[in-house]
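**Student:** Need coordinates for the following:
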Amino acid sequence: MKENERVRVLVFGASGYIGSHLVPRLVAAGHVVRAASRSGAALSDRGWRDVECVSADALEPGSLDEALRDIEVAYYLVHSMASGRDFASRDRQAARNFRRAAERTGVERIVYLGGLQPSGERSEHLESRGETGEILRDGPIPVTELRAGIIVGAGSAAFEVIRDLSFHLRVMTTPRWVRSRTQPIALEDLLAYLVGVLAEPQTAGETYDVAGPDVLTYEGMIRGFAEVVGRRVTILPVPVLSPRISSYWLDLVTAVPANVARPLIDGLKHDLLADDAAIRALIPMRLHGYREAIEQALADERRGTVPARWQEGAFVFRAGRPDVSFYSKRAGGTAPCHASPEAAWQEIVSVGGQNGWPAYEALWRVRATLDRLVGGVGFRRGRRHPSEARVGDAIDWWRVVAIEPGRRLTLLAEMKVPGAAVLELEVLPGASESASTIAATAYFHPAGVWGLLYWLTLLPVHGPVFRRLAGKLAERAEARGGGTASSSGRADEPALTS
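**Tutor:** Numbering: from 1, shown residues only. Got it, this is the predicted structure:
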């Protein structure tokens with residue numbers, strides 16, 4: 001491929017952090033883009049123009065050929081780090097399936113984003129990233145592999161760990177790995193490299209380190225972020241905290257999901273330094289320094305340019321505040337409903353106001369009273385219409401921020417809370433057309449240490465409240481739709497899941 005040549009491109013893993021940013025960049029560069037993820041519907045929510053969105057799963061070989069049909073270059077941005085302890089074996093199988101499908105369909109080139117590799121022993125996470133590249137190369141299709149370390153951008157898991165630590169803790173006891181060195185790269189620079197390799201034929205079949213200009217310790221990155229946002233932090237390294245113990249601590253004091261943070265932390269005991277001379281010679285550009293990259297990430301949030309759904313950290317739903325965590329804590333439950341999805345949806349969209357809250361109404365009213373005492377809105381607003389809702393409506397102390405008719409109602413809390421709280425009520429498919437499942441899920445983006453304490457204090461209450469809410473909505477729907485309530489569908493039964 002040459003500069004300015006229009007290429008038919010597949011971004012596989014387009015719903016992920018890098019993929020969701022890369023797709024619009026490739027479109028802007030003039031390429032024909034197909035975006036693939038396990039849920040094509042989730043991609044449609046992105047609102048991308050001139051992008052074909054398809055469903056495909058690397059662990060289901062039968063789904064891959066259609067996604068790869070007529071594709072010249074395929075970006076492989078998939079890893080299973082968040083799937084649990086067997087993520088490495090899943091990554092191996094996914095890479096084999098994808099490589100074989102790419103061979104069958106005549107793909108000319110694969111571009112893979114891996115991770116910087118240490119000189120000595122590797123963590124399981126870093127070893128898996130390296131092994132995926134080797135599997136993709138074990139075939140006739142030339143692979144361009146870019147290896148990056150910490151990515152500085154809103155939503156990057158490692159960056160969000162740094163954000164949460166800086167805002168949640170003024171004094172930190174940290175393990176020895178905070179002295180490990182790395183070279184963080186700005187999201188903008190990484191995307192420029194990923195798009196730029198398409199115009200450089202000599203990058204086919206090659207592996208390149210990509211990095212920013214600054215060599216920093218993790219302690220230096222925490223201090224640097226804190227200084228940019230005007231915080232003061234005290235860092236006290238201690239020798240007894242292993243990366244594994246640290247990962248459990250981060251699960252408590254940050255909002256980054258534990259199944260993402262733990263493998264990341266396991267890899268931080270290594271120096272991860274890059275030799276990026278080769279890629280810089282081929283794709284010259286001014287690289288952003290670490291502090292400049294932080295400022296860019298925060299500015300992107302303020303402008304609302306982070307392409308993500310609210311639960312992935314949309315800034316507008318975090319009260320426009322950078323101290324509110326990008327990722328959220330969550331609690332909730334589901335209940336089977338022996339009524340049609342239409343009946344279940346009608347109960348969801350009618351909740352609140354004169355219709356009340358079907359579970360723990362007294363607790364909701366106590367919370368509303370406390371909210372009024374501190375200057376909040378409480379229950380005084382009710383709702384505009386008893387059985388209809390639209391974006392922008394007030395429902396008691398909630399604001400309707402998104403509706404997927406027949407499927408999902410998203411409510412943003414306008415009560416006084418140390419962070420941002422969202423409640424999603426969903427109708428999920430059941431075993432038949434006359435059955436469904438109702439889910440009630442609360443998401444909370446904590447702001448500082450008070451946000452964390454608020455969440456931890458109410459966590460024992462949240463589980464039962466939202467499980468019972470799902471069950472009672474199911475009972476109402478069954479009464480509306482003529483179904484028969486089942487004991488397994490009641491919110492106070494063990495059959496419900498959190």
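
**Student:** Bridge partners for Cys143, pull those for me.
**Tutor:** Small correction: residue 143 is Val, not Cys. Beta-bridge pairing for Val143 (DSSP bridges): Ile110.

**Student:** Now do the same contact list for it.
**Tutor:** By CB atoms under 8 Å, 6 or more residues apart in numbering, the contact set of Val143 is 109-112, 133, 136-137, 204-205. Glycine gets a C-beta too; all of them are placed from N, C-alpha and C.

**Student:** of those residues, buried ones?
**Tutor:** Neighbour-count burial (16 or more other CB atoms under 10 Å) applied to the contacts of Val143 gives 109-112, 133, 136-137, 204.

**Student:** just these now: which is nearest Glu295?
**Tutor:** Here the nearest of the buried ones among the contacts of Val143 to Glu295, counting by CB to CB, is Val111; it sits at 28.6 Å.

**Student:** got the domain boundaries for the chain?
**Tutor:** Domains of the chain are assigned by automatic domain parsing as 8-318, 329-489.

**Student:** Can you lay out the ones you listed as a markdown table showing mean pLDDT?
**Tutor:** What follows is those, written out as a markdown table (pLDDT from 0 to 100):
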| stretch | mean pLDDT |
| --- | --- |
| domain 8-318 | 86 |
| domain 329-489 | 86 |
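
**Student:** Let me see the ranges of the strands in the stretch 351-498 of the chain.
**Tutor:** Under the criterion DSSP state E, counting those that start in this stretch, the stretch 351-498 of the chain contains strands at 394-395, 398-404, 408-413, 419-429, 436-446.

**Student:** Any chance of those in TSV with distance to Glu295 and mean neighbour count as columns?
**Tutor:** Below are those laid out as TSV (distance: least, CB to CB, whole Å; neighbours: other CB atoms under 10 Å):
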stretch	distance to Glu295	mean neighbour count
strand 394-395	36	20
strand 398-404	28	18
strand 408-413	27	21
strand 419-429	22	21
strand 436-446	21	25
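
**Student:** the longest helix in this protein is where?
**Tutor:** Across the chain, the longest stretch assigned as helix under DSSP state H is helix 448-481.

**Student:** can you pull the buried residues of that one?
**Tutor:** So helix 448-481, judged by 16+ other CB under 10 Å, has buried residues 448, 451-452, 454-455, 458, 462-478, 480-481.

**Student:** helix/strand/coil for the residue nearest to Pro213 when sequence neighbours are not counted?
**Tutor:** Leaving aside its chain neighbours, Pro213 sits nearest to Leu287 (4.8 Å; criterion: CB to CB, 6 or more residues apart in numbering). The three-state assignment at Leu287 reads coil, by DSSP: H, G, I helix; E, B strand; the rest coil.

**Student:** tell me, how many neighbours does Leu287 end up with?
**Tutor:** 21 (other CB atoms under 10 Å).

**Student:** My understanding was that it contacts Glu188; is that so?
**Tutor:** No: between Leu287 and Glu188 there is no contact under CB atoms under 8 Å: 9.4 Å.

**Student:** is it fair to say Arg34 lies in a helix?
**Tutor:** No: using three-state DSSP, the assignment for Arg34 is strand, not a helix.

**Student:** Quick check: buried residues in stretch 24-33?
**Tutor:** Neighbour counts using 16+ other CB under 10 Å place 24-27, 29, 31-33 of stretch 24-33 among the buried residues.

**Student:** Show me those residues that map onto strands.
**Tutor:** 32-33 (DSSP state E).

**Student:** picking that back up, mind checking the strands of the stretch 351-498 of the chain for the one nearest to Asp276?
**Tutor:** Comparison of these against Asp276 by CB to CB identifies strand 436-446 as nearest, at 34.5 Å.

**Student:** Parallel or antiparallel, list what pairs with the closest one.
**Tutor:** Sheet pairing of strand 436-446 (DSSP bridges) gives strand 329-337 (antiparallel), strand 419-429 (antiparallel).

**Student:** nearest to Thr437, of those strands?
**Tutor:** strand 419-429 (4.0 Å).

**Student:** quick check: angle from that closest one to helix 448-481?
**Tutor:** Counting by axes from the mean of the first three to the mean of the last three CA atoms, to 10 degrees, strand 419-429 points 30 degrees away from the direction of helix 448-481.

**Student:** Adding distance to His338 as columns, could you present the strands of the stretch 351-498 of the chain in TSV?
**Tutor:** Output for those, formatted as TSV (distance: least, CB to CB, whole Å):
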stretch	distance to His338
strand 394-395	26
strand 398-404	23
strand 408-413	21
strand 419-429	13
strand 436-446	9
